[in-house]
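**Q** Mind looking at a prediction? Sequence and model below.
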Amino acid sequence: MADKAMVKKLSGYEVVKGVQFHNYMQRIEKVDQTRVMARSSPFDKLLMAKYLKLKGHMVAVTGDGTNDAPILKEADIGLSMGIQGTKVAKDSSHIVILADNFASRATVLRSGRCVYNNIQSFINFQLTVITAALTIDIVAVVSANEASLTTFQLLWVNLVVDSLGILAIAIEKPKQNQ
């Protein structure tokens, strides 16, 4: 059943061997159509990562060996294995996953997306609060010729509101569909 689901997901895309990808004349065009590259050398992986980045894609790579070091450095996000990974791979990666199983990789990615979404939510929250405070203060200055709140009062309100806002956003757990 898993094989059928995988084939359905990959329909319309290519599964190529590293040698095939290496021998393509128009790699830049093939990179968007390729979903799986099997039996590939570290150089083939590095080549694919460079072309994906040229096309504007975000590249994440997992590796555990010394031969994976160049691709771990080239990737936007390099994930190395903490138990079986070599020191060179760990030093070259951005993130070291302590458990060497696939489930922990999915957890790391889900948590990373959650942090990213939380940061975006906090920025939206900040912009809303700052815009509201600025609008109220500008209207008060224009209508009454004096500021409704002093600078110190504005900073204090901002500190209290931001603290509560960041706490609410920071404790949000990753969703299953992220």
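**A** Yep, that arrived.

**Q** Distance from the chain centre to the lengthiest helix in the chain, please.
**A** In the chain, assigned by DSSP state H, the helix with the most residues is helix 102-144. For helix 102-144, the separation from the chain centroid amounts to 17 Å (computed by Cα atoms, centre = their mean, to the nearest Å).

**Q** now do stretch 24-34
**A** Worked out by Cα atoms, centre = their mean, stretch 24-34 lies 24 Å from the chain centre.

**Q** try stretch 143-162
**A** On Cα atoms, centre = their mean, the centre of stretch 143-162 falls 36 Å from the chain's centre.

**Q** which of the residues in it are buried?
**A** Leu154, Val161 (16 or more other Cβ atoms under 10 Å). All C-beta spots, glycine's among them, are computed from the backbone N, C-alpha and C.

**Q** swap in stretch 111-118?
**A** Quick answer for stretch 111-118 (16+ other Cβ under 10 Å): Gly112, Asn118.

**Q** Please apply the same query to stretch 162-178.
**A** Gly165, Ile169, Pro174.

**Q** hmm, back to that, the longest helix of the chain - contacts with which helices or strands?
**A** strand 77-81, strand 95-97, helix 151-170 (3 or more Cβ pairs under 8 Å, 6 or more residues apart in numbering; DSSP states H and E).

**Q** Between the buried residues of stretch 162-178, which sits nearest Ala75?
**A** Of all these, Pro174 has the smallest distance to Ala75: 21.8 Å, by Cβ to Cβ.

**Q** State whether the closest one is indeed within a helix.
**A** No: looking at Pro174 with DSSP: H, G, I helix; E, B strand; the rest coil, it is coil, so not inside a helix.

**Q** Quick check: chain neighbours aside, which residue is closest to it?
**A** In space, and not counting its chain neighbours, Pro174 is closest to Cys114: 3.8 Å by Cβ to Cβ, 6 or more residues apart in numbering.

**Q** Can you check which of the helices and strands packed on helix 102-144 gets nearest to His22?
**A** That would be, of the helices and strands packed on helix 102-144 and by Cβ to Cβ, strand 77-81, which comes in at 21.4 Å.

**Q** and whichever helix or strand comes after the closest one, which residues are buried?
**A** Later in the chain than strand 77-81, the nearest helix or strand by DSSP states H and E is helix 87-92. Neighbour-count burial for helix 87-92 flags Val88, Ala89, Lys90, Ser92 (criterion: 16+ other Cβ under 10 Å).
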